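Asks: give me a model of this one.
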Amino acid sequence: PVVTNSKQAIRQLKDLWWGVADIDDVPHKHFLKEEMEIILKQFGFVAEKFQKIEYDWSTEFYKPPAWLQQPGPWDWMIVAKRV
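Replies: Numbering: from 1, shown residues only. Below is the predicted model of the structure:
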């Protein structure tokens, strides 16, 4: 979205600092691997395996532009156990 005032600019900057980006005007949290390890630990889990699950750009856009190449979109898959 287009930023029209300083409050919006500050909010977007804070959001980016915390890993939150607007995609189609919907906030999405993007986690670092290390963040997930800490969060899991706080809830009594330990990560046994992290794996990147990669997707095609067509999962994100109806008609992805031809210039969109690699890296593509991806998510974390985490196998964790309660400790």
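
Asks: could you chop this structure up by domain?
Replies: Structural domains assigned to the chain are 1-30, 32-83, following automatic domain parsing.

Asks: adding mean neighbour count, write those out as JSON lines.
Replies: Glycine gets a C-beta too; all of them are placed from N, C-alpha and C. Compiled in JSON lines, the domains of the chain are given as follows (neighbours: other CB atoms under 10 Å):
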{"stretch": "domain 1-30", "mean neighbour count": "10"}
{"stretch": "domain 32-83", "mean neighbour count": "11"}
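
Asks: could you tell me the least trusted of these?
Replies: Here the domains of the chain differ in mean pLDDT, and the lowest is domain 1-30 at a mean of 82.

Asks: can you give the distance of that domain from its chain's centre?
Replies: Relative to its chain's centre, domain 1-30 lies at 13 Å (CA atoms, centre = their mean, to the nearest Å).

Asks: now do stretch 58-70
Replies: Relative to its chain's centre, stretch 58-70 lies at 17 Å (CA atoms, centre = their mean).
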